[in-house]
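A.B. asks: Predicted model and sequence follow; I will ask about them next.
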Amino acid sequence: MAATPSALQRFITVAQPYWRGDRRAWAWAFLAGLVLLMLADTQLAVRLNTQTGELTSALAARDADRFWAAVRQMLQVLGLAVPVFALYYYARDAYANDWRRWLTQRYLDGYLRERRYFHLASDVIDNPDQRIAEDVNTFTGRSLHFLLILLGSLMQLVAFSAVLWGLSHTLVGFLVAYAVAGTVLSLGLFGRPLIRLNHWQLKREADLRFRLMRVRENAESIAFYGGEAQERHQLQQRLRATLLNTQRLIRAQFGLNLFQRGFSQLSLLVPSVVLAHDVLSGRLEVGQAVQAGGAFAAVLGAISLIVDNFESLSRFVAGIDRLHDLAQVLESPPATPGIAREAGHDLHLQNLTVQAPDSDRVLVEKLNLSVPEGGSLLITGASGCGKSSLLRAIAGLWTQGSGQVSHPPREQVFFLPQRPYLQSGSLRSQLIYPSTQTALDDAALLRILDEVQLRHLAEADGGLDRSRDWEKVLSGGEQQRLAFARLLVHAPRLAILDEATSALDDANQQRLYERLRARGTTLISIAHRAAVAGFHKQVLQLTGGGRWRLARTTPAAHTPPPAPSPTAPPR
Ligand SMILES: Nc1ncnc2c1ncn2[C@@H]1O[C@H](COP(=O)(O)OP(=O)(O)OP(=O)(O)O)[C@@H](O)[C@H]1O
């Protein structure tokens, strides 16, 4: 089948980093140990078989001494065989687990590096989460399983081929022809369809699970809308697609079963038919024919590995395809950005043109502006005109377009996105996010909680170490205040706020902006509410179609009144 070399190449691409990377010494040493255990296990199984024969013969001969000697020997062999058997399976699973840990780590690094998780479009790679969490696990487990079956078969092949060759050359010729025909036929008839169907099955299952996850994540909104009927409809559509594919798989499996059964049953007849003439003419003893039949079955079993394991092999290959595609995407060099970036002291945008990803639509054209240290800029414009997109370009999330962005070093810039993202975890970890540790002590963190009026969250049992699903238990405004607290924890030189106070009341919003101004933080905001304008020295108005207008606000507007004021008009 044309897909075989490519499937093998794909397997090698996915598997080889473990065997050739920093883990290679361990990987090869452990594998060698595993093969030794397998050999010992096979050897002990043969000895057990011999001892069983000896016990039977001793009983048949009514020889008590011989019988008890055989029992003692059997117990000795068992004493070795049982732990070796258990150790072999333990080592195999531990090995698969180590491989999984290593490979998952590699993909996780690739997924989180250079914001690949953000750029991965779902039409390029569907369900990367399933690939990283599940497909890797299946891949490492199944790879070892098949590798060891293959080695076992090879041992059997070596052991019985010699026997068979000694008994009948013709039978060996038939055997090779029979096995090759079976393998070619099964690959040709069932290979591509089964691999394709298994590929789709994995995707459909992941889509269904993802949809269920969305219901759980958005339970409150769905409950408010009463959206159960729509959700059920969507879920049923995905379930139907999954089951339809399963149905096709079952049909393909039916054909494969017919073929496999016919192939293995016929193989019982082949040696007798081939050897009948030799036996009937007296050239071969009946016992030798029986022995040849046994050897034929053993060798055929070894070389029909593909036919016998076709179903699980096709599932395995489908999983390899998914991992291979993921690896290609994660390990490919990032696309060359159209927008150039460089580190500077202040924020400068030079001839900046921003386009939406994979589209010709220009959202901002040839924008030039500077925000000096301690300065402030408000971005306004109608919904959908490209305000957040401009921030995405400044942050380096979107790179399509042209021009140049120079900005203070990344660690001195802090973005507050439109939707505050809260993890479930301790209150402390929310406050210091995205850092994993902070130089601030608990007293300083509590003071910041005071400033955003969330001190009460740390007053329950557990204090700053209290863990909750914060997204569920905090109101929209509280979530925004907690996100604002992160800004105060990180005390950046440049803060970029995308409607980060939209859910706050005016008094809270004013206090937090004043706090930033008192710190001398350079500020860029997007906000719809008029009161925010007073905290900014420049206003950039996006007027649609890439056009823009930059203006200074009047000095009076820099001192915001306690009540909301009208928007400062651009000059
Ligand atoms: N990932 C994306 N790919 C393609 N187009 C996008 C993408 N994200 C946003 N857009 C489009 O870019 C345009 C600008 O979106 P943007 O989020 O910048 O608007 P905005 O001015 O911030 O709007 P709002 O005030 O409603 O938040 C919109 O028409 C939107 O549909």
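C.D. replies: All right, it came through fine.

A.B. asks: Tell me where the chain is predicted with low confidence.
C.D. replies: Low-confidence regions of the chain, defined here as pLDDT under 70, cover residues 1-5, 121-123, 554-571.

A.B. asks: can you list the residues of the protein near the ligand?
C.D. replies: Proximity of the chain to the ligand is confined to Ala356, Pro357, Ser359, Leu363, Gly381, Ser383, Gly384, Cys385, Gly386, Lys387, Ser388, Ser389 under the rule CB under 6 Å from any ligand atom. Heads up, the C-betas are built off the backbone N, CA and C, glycines and all.

A.B. asks: Show me which of those residues is closest to Ser312.
C.D. replies: Distances from Ser312 to the residues of the chain next to the ligand, taken as CB to CB, are shortest for Pro357 (39.4 Å).

A.B. asks: quick one: contacts for the residue nearest to the closest one when sequence neighbours are not counted?
C.D. replies: Distance criterion CB to CB, 6 or more residues apart in numbering; nearest residue to Pro357, sequence neighbours excluded, is Gln400 at 5.7 Å. By CB atoms under 8 Å, 6 or more residues apart in numbering, Gln400 lies in contact with Pro337, Gly338, Ile339, Val354, Gln355, Ala356, Pro357, Asp358, Ser359.

A.B. asks: And stretch 23-41, how far out from the chain middle?
C.D. replies: The gap between the average C-alpha position of stretch 23-41 and the chain average comes to 28 Å, counting by CA atoms, centre = their mean, to the nearest Å.

A.B. asks: Please list the residues outside it that contact it.
C.D. replies: Counting contacts by CB under 8 Å, 6+ apart, the residues outside stretch 23-41 that touch it are 18-19, 81, 84-85, 87-88, 91-92, 95, 98-99, 102, 148, 151-152, 155.

A.B. asks: Go through that stretch and flag the buried ones.
C.D. replies: Neighbour counts using 16 or more other CB atoms under 10 Å place Arg23, Ala27, Phe30, Leu31, Leu34, Leu37, Met38, Ala40, Asp41 of stretch 23-41 among the buried residues.

A.B. asks: for Leu369, helix, strand, or coil?
C.D. replies: Classification of Leu369 using DSSP: H, G, I helix; E, B strand; the rest coil returns strand.

A.B. asks: From Met213, how far out is it?
C.D. replies: When CB to CB, to the nearest Å is applied, the distance between Leu369 and Met213 equals 41 Å.

A.B. asks: sorry, back to before: columns secondary structure on top of the buried residues of stretch 23-41, output as TSV?
C.D. replies: Supplementary listing: the buried residues of stretch 23-41 in TSV, determined by three-state DSSP:
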residue	secondary structure
Arg23	coil
Ala27	helix
Phe30	helix
Leu31	helix
Leu34	helix
Leu37	helix
Met38	helix
Ala40	helix
Asp41	helix
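
A.B. asks: Looking at those, spot the one nearest the ligand.
C.D. replies: Lowest distance from the ligand to the buried residues of stretch 23-41 (CB to the nearest ligand atom) belongs to Arg23, with 37.2 Å.

A.B. asks: And that closest one, how far from Ala29?
C.D. replies: Computed as CB to CB, the Arg23 to Ala29 distance reads 10 Å.

A.B. asks: now Gly374, nearest residue through space, not along the chain?
C.D. replies: That would be Gly520: by CB to CB, 6+ apart, it lies 5.0 Å from Gly374.

A.B. asks: what number of residues lie near the one you found?
C.D. replies: Using other CB atoms under 10 Å, Gly520 has 10 neighbouring residues.

A.B. asks: Pretty sure it sits against Pro372.
C.D. replies: No - Gly520 is not in contact with Pro372 according to CB atoms under 8 Å; the separation is 11.5 Å.

A.B. asks: Quickly list what's touching both of those two.
C.D. replies: By CB under 8 Å, 6+ apart, Gly520 and Pro372 have no common neighbours.

A.B. asks: Which of the contacts of stretch 23-41 are buried? Put it as a ChimeraX command.
C.D. replies: Those of those that meet the burial criterion (16+ other CB under 10 Å) are gathered into one ChimeraX selection, given here:
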select :18,81,84,88,91,92,95,98,99,102,148,151,152,155
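
A.B. asks: now, which of the contacts of stretch 23-41 lie within helices?
C.D. replies: 18-19, 81, 84-85, 87-88, 91-92, 95, 98-99, 102, 148, 151-152, 155 (DSSP state H).
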